[in-house]
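**Student:** below: sequence and its predicted model.
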Amino acid sequence: MEYLTLEQKLTVKQKEALDLAQYYFRYAATSQVNKAYRKKAIEDYGFYDGTGQWDKSQLHKLSANGYPPEVLNIVKPIINSLTGVDVQTRFRVAFRSSSGNVKDDRLAKAITHLGYHIQENQDMTHKATQKFMDMLITGIGWSNLFKQPSTSEIIYEHVHPLDVLFDPDDLSSQLNNSEFVIRIRWISLAEMKRLWPKHSSYFDSRFSVVKNVREAKEWKQYQGEVSPEIQQRAEIELDTFYLGEGYGRRVRVIEVQYRQEMMSFEGMDINGHYFATFNEKEALSLVEKMTDLERKSSKAIMRVLFTEDRLLEYAPLKPNVPDLPDFTYIPCLWSRRYSDGVPDGWLSSMKPVQRRYNSLQTRLSYLLSSTRAIYDEGAFSNKEPHEIEAMLSDPGAAIEISPGSRFELHANNQISGGYFTLLEKTVEDIQRVSGYYDEALGKETNAQSGVAIRARQVNSVRGQTIAFDNLKLMKKREARMMLNLIQSGSGAFLESQILTEDEKREIVILNCVHDVDGKRVVVNDIRTLPLSIHIEEVPDFESPTQEQQARLDRVPRAS
């Protein structure tokens, strides 16, 4: 049976998948948790930038009183500083064989070096720092680790938190139990046609603006528009996936990954390694006889891409591994509010104190640049109070008062001393609520000895232990996904370069397929190789050469 959706023929399974993906989108987009998070995240980014540190009600009061609002953004360098600590203590992923077989150690080393190459080639350290900063500001950061279908290249990308909708029913601390995750992409019309050429006529009919801009009068409506992606990130509610006619520049594509029950096959291969796969043919090639296979129901991750009511892609995620613990979109959370489960960042604890600091600084600036006038009623004949204020604010004005009337001018800076004390205390309060002190920021303090300075620096970082533990856990989740991408799929002839014990370079070809007497034989087979994941803390080297030089510098030299 086939369904006709906007002139698109869909099978029963495709129609069910599209309906389910659209349901997940509506459910997540309209949930109170996602809406509350989006509202908070939009405010958080503005607060970090310094553009949203004053409430509208406060600005109205300041304007009524003639106070120009001031922003001295002291939270931004604090967040940047902790991000700098992450830069100086990079986490790198390594793999170790857990089979107990010495021969497998060589393959594990080759996979580790292949992982190093992927991390360096994809600039993972820089993108992970962006993800870490998102977590500090909004409470959650996202990345996407996947294999490019056309080239089989492993890709790592940073994803903006406002482009993701998470499962609102997953209340785990790191979103470990999600049933689905949604990513909203904005793709140019030309790229849409390249990726999905069979839908080109549909894209032109729905989204092309070329036919509408030939006349100058019609072109005016497109002048000065904001990027649709920026517009979407400013929206709290995403209650529809319809874009409307002639959207033009970019098309919104919604990607949904969700879990679905599917039959899998598991067993022990000829080398004694456990394996699990959905591919029966692959499973039979790994065992000696059919009875060595066990069938079971497992969770597969399905991937749907659509725009409006047009289904673009529907297939299992690659690699299609049974009971894969993570989607390709992997989060890192700072914390979650107990009241509603909304992800919350480090910035939230500093917001009230930063607002108080801005308020004090604004009042202080007003006091330092203003004076008080004390005069008797009738000192200025026939003048209203606002006229007197305008006259006194003019430094070149000639002031005429009635004879015998009292008139005095006093500089307000005489009463401003207490504000300096309050500002200093407010800075101390920010350090208290953030747990991050001047020593960590590189500022000179009252600590006299090097030991005391070092102790305060260490304590500042220890105060953020939970954040770095979450970061390390996230790295392990990403490493597990990377390992699945390397071991699974049809990627044969993976090349890796290692150093032997006598420090000679050796090229290892992984999953090397040979035909021996008409039988397919895989040499250096890593598909079922049992490996454990290790997260190493390493300095931020610019290149492998720099890292190698640093190791050589640590080797004692003969005098």
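**Tutor:** Thanks, I have the structure now. Residues are numbered from 1 along each chain as shown.
**Student:** so what's the closest residue to residue 228 other than its chain neighbours bridging to?
**Tutor:** With sequence-adjacent residues excluded and distances taken as Cβ to Cβ, 6 or more residues apart in numbering, residue 228 is closest to residue 250, at 5.4 Å. Any C-beta I mention is one placed from the backbone N, CA and C, and that applies to glycine too. Assessed by DSSP bridges, residue 250 has beta-bridge partners residue 188.
**Student:** which ones are touching residue 250?
**Tutor:** 186, 187, 188, 189, 227, 228, 229 (Cβ atoms under 8 Å, 6 or more residues apart in numbering).
**Student:** next one, pLDDT for it please.
**Tutor:** On pLDDT, residue 250 comes in at 82.
**Student:** could you do residue 519 as well?
**Tutor:** Residue 519 carries a pLDDT score of 67 in this model.
**Student:** and for residue 259?
**Tutor:** Value listed for residue 259 in the pLDDT field: 96.
**Student:** ok, residue 403 next?
**Tutor:** 80.
**Student:** tell me which residues are up against stretch 413-424.
**Tutor:** Contacts for stretch 413-424 (Cβ under 8 Å, 6+ apart): 357, 360, 361, 363, 364, 367, 368.
**Student:** dump the C-alpha coordinates for it into CSV.
**Tutor:** Extracted in CSV, the C-alpha atoms of stretch 413-424 (Å, rounded to 0.1, in the frame of the first residue of the first chain):
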residue,chain,number,x,y,z
ASN,A,413,31.0,62.6,44.9
GLN,A,414,31.1,63.4,48.6
ILE,A,415,28.6,60.7,49.3
SER,A,416,29.9,58.1,46.8
GLY,A,417,32.5,56.5,49.0
GLY,A,418,30.2,53.8,50.2
TYR,A,419,29.5,52.7,46.6
PHE,A,420,33.2,51.8,46.1
THR,A,421,33.0,49.5,49.1
LEU,A,422,29.8,47.9,47.8
LEU,A,423,31.4,47.3,44.4
GLU,A,424,34.4,45.6,45.9
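**Student:** now do residue 536 against residue 486, distance only.
**Tutor:** Distance of residue 536 to residue 486, given as Cβ to Cβ, to the nearest Å: 18 Å.
**Student:** more neighbours, the two?
**Tutor:** residue 486 (25 against 11; other Cβ atoms under 10 Å).
**Student:** against residue 173, how distant is the more buried one?
**Tutor:** From residue 486 to residue 173 the distance is 28 Å (Cβ to Cβ).
**Student:** in the chain, which residue is most central in space?
**Tutor:** In the chain, the centroid-proximal residue (Cα atoms, centre = their mean) is residue 141; its distance is 3.0 Å.
**Student:** neighbour-wise, which of the contacts of stretch 413-424 leads?
**Tutor:** That'd be residue 357 among the contacts of stretch 413-424, by other Cβ under 10 Å, with 25 neighbours.
**Student:** excluding its backbone neighbours, what's nearest that residue?
**Tutor:** residue 426 (4.6 Å).
**Student:** and the gap between the one you found and residue 399?
**Tutor:** 38 Å.
**Student:** and these two? Which one has more around it.
**Tutor:** residue 426 (19 against 14).
**Student:** wait, that one touches residue 356, no?
**Tutor:** Yes: between residue 426 and residue 356 there is a contact under Cβ atoms under 8 Å: 5.7 Å.
**Student:** so where's the chain shaky on pLDDT?
**Tutor:** Where the chain drops to pLDDT under 70, the residues are 1-7, 85-91, 208-226, 239-248, 394, 437-464, 489-493, 499-502, 513-521, 537-559.
**Student:** domains for it, by residue range?
**Tutor:** As assigned by automatic domain parsing, the chain contains the domains 1-30+179-326, 96-149+337-346+464-559.
**Student:** just put those in a markdown table and tack on distance to residue 382.
**Tutor:** Output for the domains of the chain, formatted as a markdown table (distance: least, Cβ to Cβ, whole Å):
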| stretch | distance to residue 382 |
| --- | --- |
| domain 1-30+179-326 | 50 |
| domain 96-149+337-346+464-559 | 57 |
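**Student:** how far off centre is the host helix or strand of residue 17?
**Tutor:** Residue 17 belongs to helix 12-29 when assigned by DSSP states H and E. Chain-centre distance of helix 12-29: 25 Å, with Cα atoms, centre = their mean, to the nearest Å.
**Student:** stretch 336-355 now?
**Tutor:** Distance of stretch 336-355 from the chain centroid (Cα atoms, centre = their mean) equals 17 Å.
**Student:** name the residues that touch it?
**Tutor:** Under the criterion Cβ under 8 Å, 6+ apart, residues 32-33, 36-37, 40, 44, 47-48, 53-55, 73-75, 78-79, 82, 135-140, 168, 171, 173, 333-335, 426, 429-430, 433-434, 464, 467 lie in contact with stretch 336-355.
**Student:** may I see the buried residues of it?
**Tutor:** Residues of stretch 336-355 classed as buried by neighbour count (16 or more other Cβ atoms under 10 Å): 336, 341-350, 353-355.
**Student:** tell me which of these fall in strands.
**Tutor:** Mapping the buried residues of stretch 336-355 onto strands (DSSP state E) picks out 336, 343, 344.
**Student:** which stretches of the stretch 401-550 of the chain form helices?
**Tutor:** Under the criterion DSSP state H, counting those that start in this stretch, the stretch 401-550 of the chain contains helices at 417-434, 450-462, 465-487, 544-553.
**Student:** follow-up on the earlier one: please spell out which residues along the helix holding residue 17 are buried.
**Tutor:** 14, 15, 17, 18, 20, 21, 22, 24, 25, 27, 28, 29.
**Student:** columns distance to residue 158 on top of these, output as CSV?
**Tutor:** Converted to CSV, the buried residues of helix 12-29 look like this (distance: Cβ to Cβ, whole Å):
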residue, distance to residue 158
14, 31
15, 34
17, 28
18, 29
20, 28
21, 24
22, 27
24, 23
25, 22
27, 26
28, 21
29, 22
